[in-house]
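**Q** I'll drop the sequence and a predicted model, then ask my questions.
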Amino acid sequence: MSDLPRKAVTRTAKLAALPLGFAGRATWGLGKRIGGKSAEIVAREVQQRTADQLFKVLGELKGGAMKLGQALSVFESALPEDVAGPYRAALTKLQEAAPPMPTRTVHAVLAERLGEDWRDLFTEFDDRPAAAASIGQVHRAVWHDGRDVAVKVQYPGAGAALLSDLTQLSRFARLLGPLVPGMDIKPLITELRDRVSEELDYELEARAQQEHSAEFEGDPDVVIPAVVHQSEQVLVTEWLEGTPLSEVIADGTTEQRDRAGQLLARFLFSGPARTGLLHADPHPGNFRLLPPAAVTEAEVEGAEADGADSDFGLWRLGVLDFGTVDRLPGGLPQIIGNALRMTLDGDADAVYAMLCEAGFVKESIDLEADAVLDYLLPIIEPAQVDEFTFTRSWLRGQAARIADPRSPAHQLGKQLNLPPSYLLIHRVTLSTIGVLCQLGATVSLRDELESWLPGFQEKYDADADDTAADAADSTGAEDGQAVEV
C-alpha cells in the first residue's frame with residue numbers, strides 16, 4: 001500500500017550503493033583526466049554527478065535518508081563556491097518536495113485514522129500533494145466549517161524506514177563529511193535517530209504547534225497556523241499562504257531577505273522564552289514570508305501606546321512543522337547568554353572556567369582559554385556590531401577555519417564535551433546561521449540576543465552600571481562627598 005520501500009533489504013541496497021557510486025565516479029574522473037580533460041572540468045562533472053545521485057536517492061527514499069538531506073541542506077552555504085553550484089540545486093529540492101505517495105494510499109490512511117466517512121469532514125480535498133517531506137506529505141483542503149486547511153498524512157511504515165535509513169547512513173557517515181566542511185555528520189545522524197519517536201507522534205506535534213499558535217496569536221512578526229484536528233498519522237492545521245523561504249533565497253528582494261533573516265533570528269531566540277519550546281527543524285521548507293497583516297489604525301496606535309515595537313505593515317514570518325522541538329521550560333539556558341556576554345568582553349579565562357564547571361570541557365583535557373573565543377567566533381562576530389550581513393563567503397571562511405586541523409578552533413571542537421541537552425540547541429543555532437547566509441540577510445543579531453537570551457543582557461546592564469558609577473564618583477569628588485557604590 002505504501003510507496004515507501006518497506007523492506008529493509010531494498011532500502012539498505014539503495015543506501016549501500018551510494019559509497020560505491022562515489023568510488024565509481026572517482027575512477028571515472030581519473031579516466032577522464034588520463035584522456036586529457038582538465039582537472040577543474042573533471043572535478044565539476046564528478047561533483048555534479050555525485051550531487052545528483054546522492055540527493056536523488058535521499059529524496060526517493062524519504063524517511064531518514066531524506067531527513068538527513070534536509071538537515072544538511074541548511075549548510076549548503078559552507079561549501080566552497082566552486083563546488084556549491086551542483087549541490088545547491090539538489091539540496092534545495094529536498095526542502096520542499098519528494099516523490100508523492102499514491103492517492104489510494106492517502107485515502108486508505110485517512111479512512112483508517114479519520115473514519116470511512118472522512119470526506120464528510122471536508123468540503124474540498126485536493127488529492128495532489130502540496131508538499132512532501134521526510135515522513136509525510138501535505139494536502140490542501142477546506143474543512144467543513146469553511147477554513148482552508150493543510151492535511152498532513154504520515155507515510156505508512158515511516159517509523160521503520162526512518163530507523164533503518166539512519167542506522168545504515170551512520171555506517172558510512174565519514175563519506176558524507178566533505179558535504180559540510182568542519183562538521184561531523186555522525187553525531188547529527190545519531191541525534192536524528194534519537195528523535196524519531198517524537199517526530200512520528202502527531203499528538204506531540206499538535207500540542208507544540210498549538211502552544212506556539214496561542215502564544216503568537218496577533219503577533220505582528222510571526223504567524224503560526226492553529227491546529228484544527230489531530231489523530232494518529234493525520235494532522236489538520238490552518239492553511240498558511242505565503243512565499244516559501246527557498247524562493248526568497250533564490251529570487252527575493254534585499255528587503256525581503258533582510259526582513260526574513262531578522263524574523264528568523266527573532267523566532268529562534270524568542271520562541272523558547274515565550275513558549276518553553278525550541279523549534280528544532282529550521283530548514284527553509286518550514287518557513288514562509290507573508291505579506292503584512294491587515295490592521296486598523298487603532299490597533300497600531302494601541303500597540304504603540306502599550307510600548308510595543310510597531311512592526312505592523314512589514315513582512316511577517318510564517319512557521320510550519322513542529323514535529324521536532326526541544327523542551328526548554330526556562331527558555332534557553334542562561335549559561336549560553338553568560339558565555340556569549342563574557343566572550344564579547346574578551347574574558348577568555350572566565351568563559352573557559354564556566355565551560356569547565358558546566359561539563360563542556362572534561363577534567364582530563366587542558367585547553368588554551370583563547371581557543372574558546374576563536375571557536376565561538378561564528379556567533380560572536382555577528383553580535384559584535386549593530387548589524388551584520390551573513391554571506392556564503394563568510395560561512396565558507398568559518399567552515400574552512402574550523403575544518404583546518406592546524407587551527408585552535410578545530411582542536412577545540414574535537415575536545416569539547418557538548419552535554420546531550422545542548423546538542424539540539426547547537427545544531428539549531430548552526431542551522432539558522434546557515435539559512436541566514438543562504439538569504440544573504442543583514443540582521444541585527446545583537447538586538448535579538450539582548451531581548452531574548454537569558455544572561456546576555458547583563459553585559460549591557462553592567463556597562464550602564466559602570467557608567468553610572470563613574471559619573472557618581474566624578475560628581476561626588478567634585479562636591480567633596482563620599483559616594484557609596
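**A** Looks like it arrived, so ask away. Numbers count the residues shown, from 1 in each chain.

**Q** Tell me which residues of stretch 340-350 come out buried.
**A** 340-344, 347-348, 350 (16 or more other CB atoms under 10 Å). C-beta here means a position set from N, CA and C on the backbone, and glycine is covered the same way.

**Q** no, scratch that, I was asking about stretch 244-264
**A** 244-249, 252, 256-264.

**Q** tally of neighbours for Gly271?
**A** When neighbours are counted by other CB atoms under 10 Å, Gly271 registers 26.

**Q** State whether it is indeed within a helix.
**A** Yes - counting by DSSP: H, G, I helix; E, B strand; the rest coil, Gly271 is part of a helix.

**Q** quick one: it and Leu277 touch, right?
**A** Yes - using CB atoms under 8 Å, Gly271 is in contact with Leu277, at 6.4 Å.

**Q** joint contacts of the two?
**A** His212 (CB atoms under 8 Å, 6 or more residues apart in numbering).

**Q** Return the distance of Asp366 relative to Met342.
**A** 20 Å (CB to CB, to the nearest Å).

**Q** List the contacts of Ala350.
**A** Contacts of Ala350 by CB under 8 Å, 6+ apart are Met342.

**Q** Then Leu317?
**A** Leu317 touches 221-223, 260, 263-264, 266-267, 287-290, counting by CB under 8 Å, 6+ apart.

**Q** can we see that at 6 Å?
**A** Residues near Leu317 by CB atoms under 6 Å, 6 or more residues apart in numbering: 222, 263.

**Q** From Leu290, how far off is it?
**A** Leu317 sits 7 Å away from Leu290, going by CB to CB.

**Q** The buried residues of stretch 340-350 into JSON lines, with extra columns for distance to Gln438, secondary structure and pLDDT?
**A** Formatted as JSON lines, the buried residues of stretch 340-350 follow (distance: CB to CB, whole Å; DSSP: H, G, I helix; E, B strand; the rest coil; pLDDT from 0 to 100):
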{"residue": "Leu340", "distance to Gln438": "23", "secondary structure": "helix", "pLDDT": "91"}
{"residue": "Arg341", "distance to Gln438": "28", "secondary structure": "helix", "pLDDT": "91"}
{"residue": "Met342", "distance to Gln438": "30", "secondary structure": "helix", "pLDDT": "91"}
{"residue": "Thr343", "distance to Gln438": "25", "secondary structure": "helix", "pLDDT": "90"}
{"residue": "Leu344", "distance to Gln438": "26", "secondary structure": "helix", "pLDDT": "90"}
{"residue": "Asp347", "distance to Gln438": "33", "secondary structure": "coil", "pLDDT": "89"}
{"residue": "Ala348", "distance to Gln438": "31", "secondary structure": "helix", "pLDDT": "87"}
{"residue": "Ala350", "distance to Gln438": "34", "secondary structure": "helix", "pLDDT": "90"}
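
**Q** Now render those residues as CSV, adding distance to Asp281.
**A** Below are the buried residues of stretch 340-350 laid out as CSV (distance: CB to CB, whole Å):
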residue, distance to Asp281
Leu340, 23
Arg341, 28
Met342, 30
Thr343, 27
Leu344, 29
Asp347, 34
Ala348, 34
Ala350, 34
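
**Q** which one of these is nearest Gln457?
**A** Arg341 (8.1 Å; CB to CB).

**Q** Looks like that closest one contacts Phe456 (just checking).
**A** Yes - between Arg341 and Phe456 there is a contact under CB atoms under 6 Å: 5.2 Å.

**Q** show me the contacts for Gln398.
**A** Pro378.

**Q** Is it in a helix, a strand, or coil?
**A** Assignment for Gln398 (three-state DSSP): helix.

**Q** Kindly report the same for Ala131.
**A** Secondary structure for Ala131, judged by three-state DSSP, is strand.

**Q** What's opposite it in the beta bridge?
**A** Beta-bridge pairing of Ala131 under DSSP bridges involves Val138.

**Q** how many other residues sit next to it?
**A** 20.

**Q** In this structure it contacts Val138, no?
**A** Yes - counting by CB under 6 Å, Val138 is a contact partner of Ala131 at 4.5 Å.

**Q** Spatially nearest residue to Ala280 (excluding sequence neighbours)?
**A** Excluding the flanking residues, the one nearest Ala280 by CB to CB, 6 or more residues apart in numbering is Thr324, at 4.4 Å.

**Q** hmm, I was thinking of Leu200
**A** Gly159 is the one closest to Leu200 (CB to CB, 6+ apart), at 5.0 Å.

**Q** How much space separates that neighbour from Glu232?
**A** Distance from Gly159 to Glu232, by CB to CB: 12 Å.
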